[in-house]
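Following is a predicted model, sequence given first.
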Amino acid sequence: MSSVTPSLIISELSKDLGPVPALNNRMLRVLDSVSLKALPGQVTTLLGSNGAGKSTTLACAQGLLRPEGGTIELLGQDPFGDNPDLRSRVGVMLQDGGLPPSMRPIPLLRHVAGMYKKPIDIDALITRLDLESFGSRTIRRLSGGQKQRVALALALAGDPEVLFLDEPSAGLDPQSRQVVFDLISEQRDLGKAIVLTTHLMDDAQRLSDYVYIIDKGRTVAQGTVTELTTLAASEHENRPVNFGASPSLELPQPPAGLHLSETAPGEYHLTGVSSAEHLNWLTSWWAREGILPTHMNLQARSLEDVFLEFAQKEETV
Ligand SMILES: Nc1ncnc2c1ncn2[C@@H]1O[C@H](COP(=O)(O)OP(=O)(O)OP(=O)(O)O)[C@@H](O)[C@H]1O
């Protein structure tokens, strides 16, 4: 990571919640040594399954939940300290919305914006998020996706330096999702530090500058999407190759660890590829037999592959 001053630094965070009846009313350790940094001008993503501890991490980072251990520095300050100005520099979109059910979205948004010294251009935001299309309804009558859009608008109202977005695309239709993604990217380009949570690999892959994979309350991996996908490729050793050639080729016996098959007439699939030698074996066979493939690709690993491997690895530890 670069030498830019992080907007958020979390070190060795631990948090207990409960008491939990299923644990004889003992407390449950939901965060265990989570550390992360979020830089301005970047989308930092906490990626993890349901219950991994993402929302709890965000709640601690915002000063809403006091941790049992570890330190948090938000815009250089202690989020639990007496610093009223800090709140106005941070925008929050909670998972459950936390919106007042009897209010209408637009008056609420204007009211909230009025509380900030330098609010964002509210009219432009209303248009971008198409809030007018359901503006006459109270919040309790809005759909889940409509509430999400209102919650995002409220988070942006004060033109904050740091944005905490808990599952920002949950429940959105494809069009609204695109609008939300565009808004997040624009805020990032304006230099805001965006910390978002998701369990959706596609969202993480599309939006993130830096990803922390959280599993069972621990940070199990971190890096840019490229770093994570290439790291896992070298560690876990399987980059399948697909190629097309004449149908029903006589397939040679590949070296140990590789498996070659014809998946459809003229379509072939080689799994277990983990080194240049494996590709050399493949192309040597082609050269020997005079095979010129019609197409070939080395299957890129997705964040999902990486995520599943880390989650599996944790289970077997
Ligand atoms: N008040 C509570 N008492 C006991 N356990 C709790 C409480 N709140 C949350 N938990 C537990 O803490 C763990 C982490 O929850 P958290 O909401 O942080 O996960 P998450 O990663 O945000 O999940 P999701 O993607 O489902 O929102 C879960 O196992 C959850 O059941």
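Yep, it's here.

give me the element the closest residue to Gly69 other than its chain neighbours is part of.
With CB to CB, 6 or more residues apart in numbering as the criterion, Gly69 has its nearest non-adjacent residue at 4.1 Å, and that residue is Ser14. Quick note: C-beta positions are derived from backbone N, CA and C, even for glycine. Element membership for Ser14 (DSSP states H and E) is strand 8-20.

Give me the buried stretch members for that strand, please.
The neighbour-count check on strand 8-20 (16 or more other CB atoms under 10 Å) flags 8-10, 13-16 as buried.

Equivalent analysis for stretch 249-269, please.
Neighbour counts using 16+ other CB under 10 Å place 254, 258, 260, 268 of stretch 249-269 among the buried residues.

any idea which of those is closest to Leu228?
Leu258 (24.7 Å; CB to CB).

In contact with the closest one, which residues?
Leu258 makes contacts with 270-273, 278, 281, as judged by CB atoms under 8 Å, 6 or more residues apart in numbering.

For PyMOL, write the selection for the buried entries among those.
Listed next is the PyMOL selection for buried residues among the contacts of Leu258, using 16+ other CB under 10 Å:
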select buried, resi 270+272+273+278+281
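
In TSV, list the contacts of Leu258 along with pLDDT.
Formatted as TSV, those follow (pLDDT from 0 to 100):
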residue	pLDDT
Leu270	95
Thr271	89
Gly272	86
Val273	87
His278	92
Trp281	96
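
Among the contacts of Leu258, which one lies nearest to the ligand?
Nearest to the ligand among those, counting by CB to the nearest ligand atom, is Thr271 at 31.4 Å.

At which residues are the helices of the stretch 51-200 of the chain located?
54-61, 84-88, 105-114, 122-128, 144-156, 174-189 (DSSP state H, counting those that start in this stretch).

tally of neighbours for the nearest residue to Pro19 once chain neighbours are set aside?
Once flanking residues are discounted, Pro19 sits nearest to Asn25: 4.0 Å by CB to CB, 6+ apart. Asn25 has 9 neighbours, counted by other CB atoms under 10 Å.

List the pairing partners of the helix or strand harbouring Leu260 within its sheet, with orientation.
Counting by DSSP H and E, the element that carries Leu260 is strand 259-264. Strand 259-264 pairs in its sheet with strand 267-271 (antiparallel), by DSSP bridges.

Check the offset of the partner strand from the chain's centre.
Mean C-alpha position of strand 267-271 versus that of the full chain (CA atoms, centre = their mean, to the nearest Å) differs by 31 Å.

what does that strand contact?
With CB under 8 Å, 6+ apart as the criterion, strand 267-271 contacts 238, 240-245, 249, 251, 254, 258-263, 278, 282.

what about 10 Å?
By CB atoms under 10 Å, 6 or more residues apart in numbering, the surrounding residues in contact with strand 267-271 are 238-245, 247, 249, 251, 254, 257-263, 278-279, 281-282, 291, 293-296, 298-299.

could you dump it to CSV, C-alpha only?
Provided in CSV are the C-alpha atoms of strand 267-271 (Å, rounded to 0.1, in the frame of the first residue of the first chain):
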residue,chain,number,x,y,z
GLU,A,267,-13.9,-28.6,-27.1
TYR,A,268,-11.2,-29.6,-24.6
HIS,A,269,-10.5,-28.9,-21.0
LEU,A,270,-7.2,-29.3,-19.2
THR,A,271,-7.3,-29.0,-15.4
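
Quick one: name whatever helix or strand follows that strand.
Scanning onward from strand 267-271 (DSSP H and E), the first element met is helix 276-289.

Point out where the stretch 151-300 of the chain drops to low pLDDT.
Scanning the stretch 151-300 of the chain for pLDDT under 70 picks out 231-237.
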